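Visitor: compute the structure for the input listed below.
(one chain, ligands or ions: 1)
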Amino acid sequence: MDRDSHVLYGSFDSDYVTITRGDGVYVYDDAGNRYLDAVGGVCVVNIGHGVREVIDAMNEQAAGIAYTYGGIVDNEPRRRLARRLQEWAPPGMGHTRTLFCSGGAEANEGALKLAYQYHRERGNPTKRKVIGRWQSYHGNTAATLSMSGRTPWRSVNSPILLDFPHIPPPYCYRCPWDQTYPSCGLTCAGELRRVVRQEGAENIAAFIAEPVIGTSMSAVVPPDEYYGIVRDICDEYDILFIADEVMSGVGRTGKRWAIEHWGVTPDIITSSKGLAGGYSPLGALILGEKVWMAIADGSGRVSHSTTYGGNPLSCAAGAAVLDYIEEHGLVRRAGEMGDRLIAALEEALLDIPYVGDVRGMGLFAGVELVADKETREPFPVEWDVGHRVEADALRNGLLVLAGVTGLVDGVAGDHIELVPPYVIEDEHVEFIVSTLRDSILRVCANAARG
Ligand SMILES: Cc1ncc(COP(=O)(O)O)c(C=O)c1O
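Guide: Predicted structure coming up:
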């Protein structure tokens with residue numbers, strides 16, 4: 001630890017490597033060491049580092065006008081990006097309108113407030129709870145942590161959390177009901193109905209879910225019928241379905257939005273991370289027609305805004321990133337390279353006694369580590385196996401992300417997440433799987449020996 005530093009780092013035990021530049025899938029530190037960025041920053045740098053077209057678009061925008069306040073005046077990049085997102089939206093959302101902000105938590109907090117407003121405008125002011133899922137993550141503000149099911153982060157902030165219910169995640173590897181898909185009949189999806197009835201549908205504004213579950217579980221993919229059942233229950237009880245695509249969206253799973261794999265239309269999509277590819281902070285709430293029309297036909301005033309939301313520089317970056325993705329066919333590429341990455345991970349890792357599960361969709365992959373493959377028993381939490389694998393891989397030139405522990409029972413469970421840029425090549429896939437294999441073997445074998 002650097003005692004002289006004035007930065008409040010996340011951990012006082014770590015010495016952070018200083019990154020000075022990036023190029024494609026690689027980043028370089030101040031000593032000239034190269035690292036393959038298999039987490040794209042943190043699921044942000046989707047099109048790779050140092051993309052000239054985006055940098056040029058931002059320079060041009062900054063030279064024209066870098067900031068305007070969207071509550072008083074408009075700017076062209078905001079309109080252009082909103083039009084782009086209309087083209088990208090699932091057709092069932094109809095005429096979309098997008099509210100911009102600066103990050104994922106802001107997007108989900110905005111979605112919560114506009115879900116309240118939607119119901120209020122339609123004469124249902126008591127609909128004020130959001131149902132989330134355990135082992136989910138929607139942000140680190142009080143309201144978004146309340147929707148999240150990330151136990152370790154919730155427990156330390158419990159006094160400020162809102163009274164929001166949660167249902168178990170669709171996690172077949174460790175089904176809480178000890179059932180097997182498909183004979184289970186998707187008890188996990190039906191659970192939403194039970195909780196709605198228990199809480200009273202008159203109190204429920206929305207259900208929020210990450211279509212592919214991210215940092216709390218590392219790329220858990222629900223069964224085929226799951227979101228169809230969820231959508232029907234939401235419709236039955238007049239509940240909005242918010243798809244949190246902060247990680248899974250903008251092409252990462254091989255479709256523009258992950259929810260499209262299930263053929264289901266959400267009422268609101270929230271996006272951030274890869275939307276501006278890390279070139280500028282940017283978040284968005286894409287509202288389906290029925291949601292914003294209720295406001296337009298009601299009070300006519302949106303009861304939410306932020307200072308930096310819709311600023312021209314971030315919107316110009318976002319529009320340039322979406323242009324780049326389209327021009328280079330990167331959504332299809334993410335799907336194809338993702339299939340190769342997951343197949344290579346399965347082949348290289350599944351014979352390791354400490355790898356319980358390899359999973360994912362597109363370039364959104366996860367590896368679950370276990371102390372005992374037969375019983376699926378997790379490593380003791382205090383061994384901190386996930387972070388040790390992450391640190392070992394870093395020492396060997398590979399950036400991976402240890403997921404937050406707690407996926408087994410809210411406390412234990414180590415997992416590693418891989419969300420590389422879409423411009424990854426076969427040679428990078430080979431390096432990722434071989435380096436990760438070595439790190440897992442080194443760390444877990446030592447950990448298991450005690
Ligand atoms: C699915 C999901 N939603 C929301 C967030 C919060 O985003 P931010 O950290 O930009 O507030 C995250 C961050 O990891 C996320 O993974």
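Visitor: OK, contacts around Ala294?
Guide: 117-118, 121-122 (Cβ atoms under 8 Å, 6 or more residues apart in numbering). To be clear about C-beta, it is placed using only N, CA and C from the backbone, and glycine gets the same treatment.
Visitor: same question for Ile269.
Guide: Residues in contact with Ile269 (Cβ under 8 Å, 6+ apart) are 89, 93, 242-243, 245, 249, 257, 259, 285-286.
Visitor: and the gap between the residue lying closest to Met93 once chain neighbours are set aside and the ligand?
Guide: In space, and not counting its chain neighbours, Met93 is closest to Gly288: 3.7 Å by Cβ to Cβ, 6 or more residues apart in numbering. The gap separating Gly288 from the ligand is 19 Å, by Cβ to the nearest ligand atom, to the nearest Å.
Visitor: burial of Gly288, as a residue count?
Guide: Gly288 has 22 neighbours, counted by other Cβ atoms under 10 Å.
Visitor: give the contact list for the residue in the chain that the ligand sits nearest to.
Guide: Using Cβ to the nearest ligand atom, Gly104 is the residue of the chain that sits closest to the ligand, at 2.2 Å. Residues in contact with Gly104 (Cβ under 8 Å, 6+ apart) are 138-139, 244, 246, 270, 272-273, 283.
Visitor: restrict those residues to those near the ligand?
Guide: By Cβ under 6 Å from any ligand atom, the members of the contacts of Gly104 lying near the ligand are 138-139, 244, 246, 272.
Visitor: got a pLDDT number for the residue of the chain closest to the ligand?
Guide: Here, the pLDDT recorded for Gly104 equals 98.
Visitor: check Arg449 too.
Guide: 69.
Visitor: and the ligand, which of the contacts of Ala294 contact it?
Guide: Of those, not one also sits near the ligand (Cβ under 6 Å from any ligand atom).
Visitor: got a winner among those residues for most neighbours?
Guide: Tyr118 (25 neighbours).
Visitor: now that residue: which helix or strand?
Guide: helix 104-121 (DSSP states H and E).
Visitor: just how off-centre is that helix within its chain?
Guide: 18 Å (Cα atoms, centre = their mean, to the nearest Å).
Visitor: quick one: mean pLDDT for stretch 405-421?
Guide: Stretch 405-421 comes out with an average pLDDT of 94.
Visitor: end to end, how far does it reach?
Guide: Distance between the two ends of stretch 405-421: 24 Å, counting by Cα to Cα, to the nearest Å.
Visitor: how about low-confidence regions in the chain?
Guide: Flagging of the chain using pLDDT under 70 yields the residue ranges 449-450.
Visitor: now do the contacts for Gly249.
Guide: Contacts of Gly249 (Cβ under 8 Å, 6+ apart): 256-258, 269, 271, 274-275.
Visitor: list the contacts of the helix or strand hosting Ser146.
Guide: Per DSSP H and E: Ser146 is located in helix 142-147. With Cβ under 8 Å, 6+ apart as the contact definition, helix 142-147 has outside contacts at 105, 108-109, 112, 130, 132, 136, 138-139, 153-154, 157, 160-164, 208.
Visitor: mark which of those residues are buried, thanks.
Guide: Neighbour-count burial (16 or more other Cβ atoms under 10 Å) is assigned, among the contacts of helix 142-147, to 105, 108-109, 112, 130, 132, 136, 138-139, 154, 164, 208.
Visitor: if I look at the residue nearest to Met93, how far off is Thr265?
Guide: As judged by Cβ to Cβ, to the nearest Å, Gly288 and Thr265 stand 7 Å apart.
Visitor: rewinding a little: next structured bit after the helix holding Ser146?
Guide: Counting by DSSP H and E, what follows helix 142-147 is helix 151-155.
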